[in-house]
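Trainee: below are the sequence and a predicted model for it; my questions follow.
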2 protein chains.
Amino acid sequence: MITPTDPEPEGTRPPPTRSRPGGRTARIRAQVLDAVRAELGEHGYDGLTMDAVAARSGVHRTTVYRRWGDIGGLLADVLDAASDDDWQPPDTGSLEGDLAALNQEIQTAMAAEPPIMAALIAASFRSEKAAHAQQRLWEDRYARCEIVVSRAVRRGELPPRTDARRLLIAATAPLYHQLVLLRTPPDPQLPGHAARTAALAAAAGAFAESRPEDGT
Amino acid sequence: MITPTDPEPEGTRPPPTRSRPGGRTARIRAQVLDAVRAELGEHGYDGLTMDAVAARSGVHRTTVYRRWGDIGGLLADVLDAASDDDWQPPDTGSLEGDLAALNQEIQTAMAAEPPIMAALIAASFRSEKAAHAQQRLWEDRYARCEIVVSRAVRRGELPPRTDARRLLIAATAPLYHQLVLLRTPPDPQLPGHAARTAALAAAAGAFAESRPEDGT
């Protein structure tokens, strides 16, 4: 997934009887981050407390405070953990298809219950640590998505000097703008529309990297 | 302005010696909303209190509590007051020019100091009342901007059945996504790039209103 909505691989706890190098530290992290996601999904940022996370995770509160410091530290680690996966963007055979599938993942994640992705984005307006971690996660996701553009270039759908990041932001921005800021209900047509808009603009040269004489 | 950054017309207080019908109520509102903007700009949401607003405005705290109820009510009224103006979108003679000028206004407002627009958007993640008022303000602004599209249709730049709202959201969404969510520093090329992308997509038919047989 492009989002931290799903439990991450390390969220799947090994049975307590198994042991492995670094296992205890990883297990404690998984338990605590699972508890953060669950508390956040149920109560939102305002109901998220270090003590509730500790109680729910079964990890001693002293450990939680020592290792994560505060709520911002917990949220940042949830967001950082979301990058520890092997997520890859969809590969549908066309630029527009890949972008539409990507946008569908974003819309599904934003509409998920409990609304963990939405709550993490909201939390990024409360905590600097969460804001920076959210930036790192998006950077990771957009970097992984650049292959969508390079595949389209290889297929001859796009000119070689295409600014992948600008194209990806143009394709996904309407989803985030509508769902996060304008707070419109999910529109089943939006993922495809936004993908088609970006693909048409790309075909018309909107993301061609500017040559020196372009000026702008 | 597209944003509530600037003091609104009613923020210009008449000299206290003048009187006019409804003058006192309007003057109290102007004083209080000026104080909310100033406190928000200086201290952000977390430093915004009813008592500080009352003290700064010179309006009795009982009046402030009775009329606005709480911080959410104050923020909502700041946002609602921003619509009480005669703002119109830029008219540059071309679709791309209008969209670029509009995007420049958005970027300028988002980068303004004190960061009132950014603080109001952040506050909309704290207060339901502010969130709804922010929605109303954006609805007002996007509705006013539809004339940009109808002018382009009249000039023959766009087909008559163009979905103005989708076009405007596509043109402006990259600004909000980058500045508010991705928190990238303002990029002087972004307003023009996003405008050009939307204009190229529009020329390619991306916002043509779908006919029944389109299905999607």
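Mentor: Cool, the structure landed.
Trainee: pLDDT (mean, whole number) over the helix of greatest length in chain A?
Mentor: Secondary structure assigned by DSSP state H gives helix A:128-154 as the longest helix of chain A. Throughout helix A:128-154, pLDDT has a mean value of 97.
Trainee: need the helices for chain A, in chain order.
Mentor: Under DSSP H, chain A gives helices at A:23-43, A:50-57, A:61-68, A:71-81, A:95-111, A:116-123, A:128-154, A:164-176, A:190-203.
Trainee: in TSV, list these along with mean neighbour count and distance to chain B.
Mentor: C-betas here are computed from N, CA, C, even on glycine. Output for the helices of chain A, formatted as TSV (neighbours: other CB atoms under 10 Å in any protein chain shown; distance: least, CB to the nearest CB, whole Å):
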stretch	mean neighbour count	distance to chain B
helix A:23-43	19	14
helix A:50-57	18	19
helix A:61-68	15	21
helix A:71-81	23	13
helix A:95-111	21	9
helix A:116-123	23	4
helix A:128-154	18	6
helix A:164-176	25	4
helix A:190-203	25	4
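Trainee: could those go into a markdown table alongside distance to residue B:33?
Mentor: Below are those laid out as a markdown table (distance: least, CB to CB, whole Å):
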| stretch | distance to residue B:33 |
| --- | --- |
| helix A:23-43 | 32 |
| helix A:50-57 | 37 |
| helix A:61-68 | 40 |
| helix A:71-81 | 31 |
| helix A:95-111 | 32 |
| helix A:116-123 | 25 |
| helix A:128-154 | 28 |
| helix A:164-176 | 29 |
| helix A:190-203 | 35 |
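Trainee: which one of the ones you listed lies closest to residue B:83?
Mentor: The minimum distance between residue B:83 and those falls on helix A:164-176, with 23.2 Å, by CB to CB.
Trainee: show me the domain layout of chain A.
Mentor: Using automatic domain parsing, the domains assigned to chain A come out as A:9-81, A:95-214.
Trainee: comparing these, which gets the lowest mean pLDDT score?
Mentor: Among those, domain A:9-81 scores lowest, at a mean of 86.
Trainee: mind checking how far it is from the chain centre?
Mentor: Here domain A:9-81 is found 19 Å from its chain centre; the criterion is CA atoms, centre = their mean, to the nearest Å.
Trainee: likewise stretch A:136-143?
Mentor: That offset, for stretch A:136-143, works out to 7 Å (CA atoms, centre = their mean).
Trainee: repeat that for stretch A:172-188.
Mentor: Put simply, stretch A:172-188 sits 15 Å off its chain's centre (CA atoms, centre = their mean).
Trainee: buried sites along it?
Mentor: Residues A:172-182, A:187 are the ones in stretch A:172-188 that count as buried (16 or more other CB atoms under 10 Å in any protein chain shown).
Trainee: returning to what we had before: just checking, what packs against the longest helix of chain A?
Mentor: helix A:71-81, helix A:95-111, helix A:116-123, helix A:164-176 (3 or more CB pairs under 8 Å, 6 or more residues apart in numbering or on different chains; DSSP states H and E).
Trainee: and it, how far out from the chain middle?
Mentor: With CA atoms, centre = their mean, you get 9 Å for helix A:128-154.
Trainee: of the domains of chain A, which is nearest residue B:37?
Mentor: domain A:95-214 (18.4 Å).
Trainee: with distance to residue B:206 added, can I get the domains of chain A in JSON lines?
Mentor: Formatted as JSON lines, the domains of chain A follow (distance: least, CB to CB, whole Å):
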{"stretch": "domain A:9-81", "distance to residue B:206": "33"}
{"stretch": "domain A:95-214", "distance to residue B:206": "4"}
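Trainee: so which of these gets nearest residue B:148?
Mentor: Per CB to CB, nearest to residue B:148 of the domains of chain A: domain A:95-214, 16.7 Å.
Trainee: for residue B:97, see how far away the residue nearest to residue A:38 when sequence neighbours are not counted is.
Mentor: With CB to CB, 6 or more residues apart in numbering or on different chains as the criterion, residue A:38 has its nearest non-adjacent residue at 6.4 Å, and that residue is residue A:56. Remark: distance between residue A:56 and residue B:97 (CB to CB, to the nearest Å) = 55 Å.
Trainee: could you do residue A:117 as well?
Mentor: Residue A:117 is 37 Å from residue B:97, by CB to CB.
Trainee: try residue A:121
Mentor: In terms of CB to CB, residue A:121 sits 33 Å off from residue B:97.
Trainee: could you do residue A:115 as well?
Mentor: 39 Å.
Trainee: which non-adjacent residue is nearest residue A:31?
Mentor: Nearest non-adjacent residue to residue A:31, counting by CB to CB, 6+ apart: residue A:57, 4.3 Å away.
Trainee: with residue A:54 instead?
Mentor: Spatial nearest neighbour of residue A:54, chain neighbours left out: residue A:61 (3.8 Å); criterion: CB to CB, 6+ apart.
Trainee: would you check that that neighbour makes contact with residue A:51?
Mentor: Yes: using CB atoms under 8 Å, residue A:61 is in contact with residue A:51, at 6.0 Å.
Trainee: which ones are touching the residue nearest to residue A:54?
Mentor: For residue A:61, the contact set (CB atoms under 8 Å, 6 or more residues apart in numbering or on different chains) comprises A:50-51, A:54-55.
Trainee: do residue A:186 as well
Mentor: Residue A:186 touches A:107, A:110-111, A:179, counting by CB under 8 Å, 6+ apart.
Trainee: in CSV, list those residues along with distance to residue B:151.
Mentor: As requested, the contacts of residue A:186 are exported to CSV (distance: CB to CB, whole Å):
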residue, distance to residue B:151
A:107, 32
A:110, 34
A:111, 35
A:179, 29
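Trainee: residue A:193: which of the residues you listed is nearest?
Mentor: residue A:107 (11.3 Å).
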